[in-house]
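Engineer: Sequence and predicted structure are below.
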Amino acid sequence: MNDIIIKTETYFSKKDRHKYFKKIILLFKEMLSDFREENKPLRILDLGCGPGYFIKYFKNNFDFFYAIDSVDYFDKRLLDKRTFFTKTDALNLPYDNDFFDVIYSFDVIEHIENDKLFLNEVKKKLKPGGMFLLTTPNYSRLPMTLHNIFNLRKWPHLENINMFGLESIHIREYTHHQIKKLFKEINFNKIIYKPLYLGFFPLNIGSFYCPGILKHFAQYHLIYAIN
């Protein structure tokens with residue numbers, strides 16, 4: 001087993017142990033099932049796929065999965081006649097307009113300088129009535145709120161260097177008001193917001209859902225949008 005496969009397996013295993021990723025996979029599968037029309041395969045884009053963690057769990061023998069990232073460390077063992085990877089820029093997707101039924105992008109937008117251009121590109125590539133799912137860290141999440149009180153963060157900042165040796169720069173993060181305002185400016189037909197995971201994320205201590213006023217301190221924003 002070569003070094004990249006060992007790192008990929010370690011990466012996947014680490015995520016598998018976290019309750020958040022178990023829940024987000026189940027939630028996405030449920031949303032996809034509700035969205036699907038009977039006996040119709042979907043074209044689904046994983047926008048900012050990394051090594052392919054989510055495709056590993058979402059792919060099936062029915063739909064067509066497309067994965068893109070600006071860096072190529074995608075697990076090629078996931079490729080088959082219905083799963084494709086392309087190294088490309090998220091702001092200039094190499095697909096026809098109205099091509100995808102579903103696009104999802106988990107923890108990507110915070111790394112992109114021009115967030116409006118990013119969302120407009122997504123909107124162009126989605127079919128009318130297509131579904132877009134996005135998650136991004138909440139600027140006001142509980143641990144970050146403590147960082148901000150003591151002025152420990154500067155922007156943009158280096159979140160970490162991942163196990164593949166790649167820097168993870170957050171250009172910005174959003175409060176729940178800011179992310180909802182951004183999506184309204186892009187004119188999706190329907191926008192639903194959900195706050196996800198309240199607690200201390202690295203310690204795997206917390207609750208997946210955030211009731212009431214506690215949504216302000218959620219770890220992640222989830223946006224569900226219909227084109």
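Structural biologist: Ah, there it is.
Engineer: How about the contacts made by the most centrally placed residue in the chain?
Structural biologist: To find the centre residue of the chain, average its C-alpha atoms and take the closest one (C-alpha atoms, centre = their mean): that gives F106, at 0.6 Å. Contacts for F106 (C-beta atoms under 8 Å, 6 or more residues apart in numbering) come out as 24, 48, 54, 133-135. Quick note: C-beta positions are derived from backbone N, CA and C, even for glycine.
Engineer: Give me the subset of these that lies in strands.
Structural biologist: 133-135 (DSSP state E).
Engineer: Give me the buried positions along the helix ranked longest in the chain.
Structural biologist: Taking DSSP state H as the criterion, the chain has its longest helix at helix 19-35. Residues 20-21, 24-25, 27-28, 31-32, 35 are the ones in helix 19-35 that count as buried (16 or more other C-beta atoms under 10 Å).
Engineer: packing partners for it?
Structural biologist: helix 53-58, strand 100-106, strand 126-137, strand 190-200, strand 205-209 (3 or more C-beta pairs under 8 Å, 6 or more residues apart in numbering; DSSP states H and E).
Engineer: redo that, cut-off 7 Å
Structural biologist: strand 100-106, strand 126-137, strand 205-209 (3 or more C-beta pairs under 7 Å, 6 or more residues apart in numbering; DSSP states H and E).
Engineer: which other residues reach the shortest one?
Structural biologist: Applying C-beta atoms under 7 Å, 6 or more residues apart in numbering, the external contacts of strand 205-209 come out as 19-20, 23, 196-200.
Engineer: rerun at 10 Å
Structural biologist: 19-20, 22-24, 26-27, 142, 194-200, 214-215, 218-220 (C-beta atoms under 10 Å, 6 or more residues apart in numbering).
Engineer: Paired strands for it, with orientation please.
Structural biologist: Here strand 205-209 has these sheet partners by DSSP bridges: strand 190-200 (antiparallel).
Engineer: What angle do helix 19-35 and the strand it pairs with make with each other?
Structural biologist: 160 degrees (axes from the mean of the first three to the mean of the last three C-alpha atoms, to 10 degrees).
Engineer: after the least confident helix or strand in the chain by mean pLDDT comes which helix or strand?
Structural biologist: Lowest by mean pLDDT, DSSP states H and E among the helices and strands of the chain is strand 157-161, with a mean of 58. Once strand 157-161 ends, the next helix or strand along the chain (criterion: DSSP states H and E) is strand 167-170.
Engineer: which strands and helices sit next to that next one?
Structural biologist: If contacts are counted by 3 or more C-beta pairs under 10 Å, 6 or more residues apart in numbering; DSSP states H and E, strand 167-170 sits against strand 157-161.
Engineer: what's the farthest-apart pair in the contacts of F106?
Structural biologist: In those, the most distant members under the criterion C-beta to C-beta are I24 and G48, with 14.8 Å between them.
Engineer: ok so, going back, take the helices and strands packed on helix 19-35 and write them to JSON lines, including distance to R43 and mean pLDDT.
Structural biologist: Converted to JSON lines, the helices and strands packed on helix 19-35 look like this (distance: least, C-beta to C-beta, whole Å; pLDDT from 0 to 100):
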{"stretch": "strand 100-106", "distance to R43": "5", "mean pLDDT": "97"}
{"stretch": "strand 126-137", "distance to R43": "8", "mean pLDDT": "96"}
{"stretch": "strand 205-209", "distance to R43": "29", "mean pLDDT": "88"}
